[in-house]
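Visitor: Sequence and predicted model, in that order:
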2 protein chains.
Amino acid sequence: MLKLKKISVIGMGLLGSSVTLSAKSGLSGTKVIGYSHRGSTRDKARQHEVAHEITDSLEQAVLGADMVILATPIQTFEDYFRQIGPNLKDGCIVTDVGSTKTLPHQWAQKRLPESVYYVGSHPIAGSEKRGLEFARDDLLAGAKCILTQTEQTNPGSIELLEKFWSKLGCKVSIMSPQTHDRIFGLVSHLPHIAAAAMVNASRSKDLQFAGRGFIDTTRVASGPANVWADILLTNSKNCAKGIQKLIAQLEELQDAVNRRDAEKVEKLLSSASEKRGKLIQYKIDQQELF
Amino acid sequence: MLKLKKISVIGMGLLGSSVTLSAKSGLSGTKVIGYSHRGSTRDKARQHEVAHEITDSLEQAVLGADMVILATPIQTFEDYFRQIGPNLKDGCIVTDVGSTKTLPHQWAQKRLPESVYYVGSHPIAGSEKRGLEFARDDLLAGAKCILTQTEQTNPGSIELLEKFWSKLGCKVSIMSPQTHDRIFGLVSHLPHIAAAAMVNASRSKDLQFAGRGFIDTTRVASGPANVWADILLTNSKNCAKGIQKLIAQLEELQDAVNRRDAEKVEKLLSSASEKRGKLIQYKIDQQELF
């Protein structure tokens, strides 16, 4: 169905190798190539047979590919674009699975040849587990996947990627990289920042009294620090703005509590409770709550 | 075993009526009385037989009681102490199940007669559900219960309450009301404040893209606004201090992100991740994680 004879995934972590596994089982007539810069990871990838072929060379991986998907840390993208650029065939679609999108678009514009098409992808799937061992061919099933486009983006590439991610089970939305980074700065990166700040603000010996409230509120802070640092550092302006918004809300509550303004405190808490209630109802309606 | 012929619980919400139910089934030879100021709640309490007897009058409820437990909003305690004081028999133990403890101790000191003994109790049990309909006689099983004492507290009363809550399945700790409010300000009230602030900082239309991270981080914000306003307003100083600490941590992260100081960002995130990892391990070791 999709005219993709060869796709290559660079980076064989949990997400990269789940993409190769899903593509292997979901697409017929497509050869799925995997590459990792680490020899030990390539060995594991071969053992687990996550792709049709694991190549030892980056050049070999992308040569003749119809689509190349970066699944490495976001901060490596610029360098990978530079490295793979000369080896990409004309009309190749380049995308990635990174959690921030504005910088990747800028880097693609700067580093990729004009003969290839870049589109940003952000499949919102993951697991608290890390690494190829936990890869699954259904990790993407039911996940949202955001595609990002600018005025330069080739419409045919967007269409093809929309079909590709849909085939892998994703629900696709399209927006600009700026909108993506603003929204995810607030709904994803800010919760991570707040959770980490809350844990850092607590004394270890007091935590024996922490209950489910604290544990749930800070769950995301247990995520891998290097992955999240990569995300925050490539969305720094939106994160900084989000922190400012959160601090403003905290100060409003602090002020109301300090003045013992019962009406205001209750109003702030009930507006949050109602707004979250609507979110939960929406997620239930969309069957996105599990 | 416990020399309690009559205990009275004032307030028939989820927690109050779970206490009467647990006492009914866990203590032999103790008559358990319930009271609510609302006629409709008293009717429901009788229907559900949450206590041996539901009285229509507050005076009747506490007359001759060996122990009186307040399970009403914290901000009503001072007034209840004033109302019930004259009707309490000498040596009666007065306690409560409120989530903050410094003010209740002050109010007890001021409003209760010297012939009775006040001790603060905070059984850490609850549910997202509210009201008598959801009361259970095992709601307290395995829960922590903090008892709070000052220099004025009668040691015999502490011992008796320790036995009482243990009988109902609680794991009892003892501390000062000031320590209690400082700790719970950080591990319980601050997560609630942060969750509400995070929801309030978000735009409704962006929330369709919220994933599990946002949903878990803000779960507690769905709690009942009036109950939480009552808690925050009776622990205002600790809440304000906690917010200050959280803001300081947020600003440290914001600064590191703004300066794109990768090492610092990763260090802050990994210290949070490690600290939370230890907390989870402790909770697993204590079999407190469910």
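Guide: Now that the structure is in, tell me what you want to look at.
Visitor: Give the other helices and strands that the host helix or strand of residue A:250 contacts.
Guide: Residue A:250 belongs to helix A:236-258 when assigned by DSSP states H and E. Judged by 3 or more C-beta pairs under 8 Å, 6 or more residues apart in numbering or on different chains; DSSP states H and E, helix A:236-258 is in contact with helix A:177-184, helix A:190-200, helix A:262-285, helix B:190-201, helix B:225-233, helix B:236-258. Every residue, glycine included, has its C-beta placed from N, CA and C.
Visitor: what inclination does the second one have with respect to helix A:177-184?
Guide: Which is helix A:190-200. On the basis of axes from the mean of the first three to the mean of the last three C-alpha atoms, to 10 degrees, helix A:190-200 is oriented at 40 degrees to helix A:177-184.
Visitor: So which bits of helix A:190-200 are buried?
Guide: By neighbour count on 16 or more other C-beta atoms under 10 Å in any protein chain shown, the buried set for helix A:190-200 is A:190-200.
Visitor: Send over it as PDB, restricted to the C-alpha atoms.
Guide: Taking Å, rounded to 0.1, in the frame of the first residue of the first chain, the C-alpha atoms of helix A:190-200 are listed here in PDB:
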ATOM      1  CA  LEU A 190       6.100  21.400  32.800                       C
ATOM      2  CA  PRO A 191       4.600  18.400  34.800                       C
ATOM      3  CA  HIS A 192       8.100  16.800  34.700                       C
ATOM      4  CA  ILE A 193       9.700  20.000  35.900                       C
ATOM      5  CA  ALA A 194       7.200  20.400  38.700                       C
ATOM      6  CA  ALA A 195       7.500  16.800  39.800                       C
ATOM      7  CA  ALA A 196      11.300  17.000  40.000                       C
ATOM      8  CA  ALA A 197      11.100  20.400  41.800                       C
ATOM      9  CA  MET A 198       8.700  18.900  44.300                       C
ATOM     10  CA  VAL A 199      10.900  15.900  45.100                       C
ATOM     11  CA  ASN A 200      14.000  18.200  45.300                       C
END
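Visitor: Pick out the residue nearest the middle of chain A.
Guide: Central residue of chain A (C-alpha atoms, centre = their mean): residue A:99, 3.1 Å from the mean position.
Visitor: so what's the nearest residue to residue A:3 once chain neighbours are set aside up against?
Guide: Once flanking residues are discounted, residue A:3 sits nearest to residue A:66: 7.2 Å by C-beta to C-beta, 6 or more residues apart in numbering or on different chains. The contact partners of residue A:66, taken as C-beta atoms under 8 Å, 6 or more residues apart in numbering or on different chains, are A:3-7, A:89, A:91-93.
Visitor: Nearest to residue A:265 among these?
Guide: Nearest to residue A:265 among the contacts of residue A:66 is residue A:93, at 52.4 Å by C-beta to C-beta.
Visitor: Provide the partner residues of the closest one in its beta bridges.
Guide: residue A:67, residue A:117 (DSSP bridges).
Visitor: Domains of chain A: list them as residue ranges, please.
Guide: Split into domains by automatic domain parsing, chain A comes to A:6-175, A:180-259.
Visitor: Which positions within stretch A:93-112 qualify as buried?
Guide: Buried residues in stretch A:93-112, counted by 16+ other C-beta under 10 Å: A:93-105, A:107-108, A:111-112.
Visitor: Got the phi and psi for residue A:34?
Guide: When read as degrees, to the nearest 10, the backbone of residue A:34 gives phi -120, psi 150.
Visitor: From residue B:133, how far off is it?
Guide: 55 Å (C-beta to C-beta, to the nearest Å).
Visitor: ditto for residue A:129
Guide: In terms of C-beta to C-beta, residue A:129 sits 39 Å off from residue B:133.
Visitor: Just the buried residues of stretch A:93-112: which are in strands?
Guide: Residues of the buried residues of stretch A:93-112 located in strands (DSSP state E): A:93-96.
Visitor: Next one: stretch A:144-155, is it in contact with chain B?
Guide: Yes. Under the criterion of C-beta under 8 Å from any C-beta of the partner chain, chain B is reached by stretch A:144-155 at A:144, A:146.
Visitor: What are the contacting residues of that stretch?
Guide: A:101, A:105, A:109, A:117-124, A:158, A:161-162, A:165, A:170-177, A:180, A:288, B:209, B:211.
Visitor: For the domains of chain A, give me JSON lines that also has mean pLDDT.
Guide: Output for those, formatted as JSON lines (pLDDT from 0 to 100):
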{"stretch": "domain A:6-175", "mean pLDDT": "96"}
{"stretch": "domain A:180-259", "mean pLDDT": "96"}
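Visitor: Highest mean neighbour count across the ones you listed, which stretch is it?
Guide: Counting by mean count of other C-beta atoms under 10 Å in any protein chain shown, domain A:180-259 has the highest mean neighbour count of the domains of chain A, with a mean of 22.
Visitor: Do you have the helices of the stretch 51-200 of chain A handy? List them.
Guide: A:58-62, A:77-84, A:102-111, A:155-167, A:177-184, A:190-200 (DSSP state H, counting those that start in this stretch).
Visitor: Any part of the third one near chain B?
Guide: To tie it back to what came earlier, the one meant is helix A:102-111. No. Interface with chain B: helix A:102-111 contributes nothing (C-beta under 8 Å from any C-beta), its closest point being 11.4 Å away.
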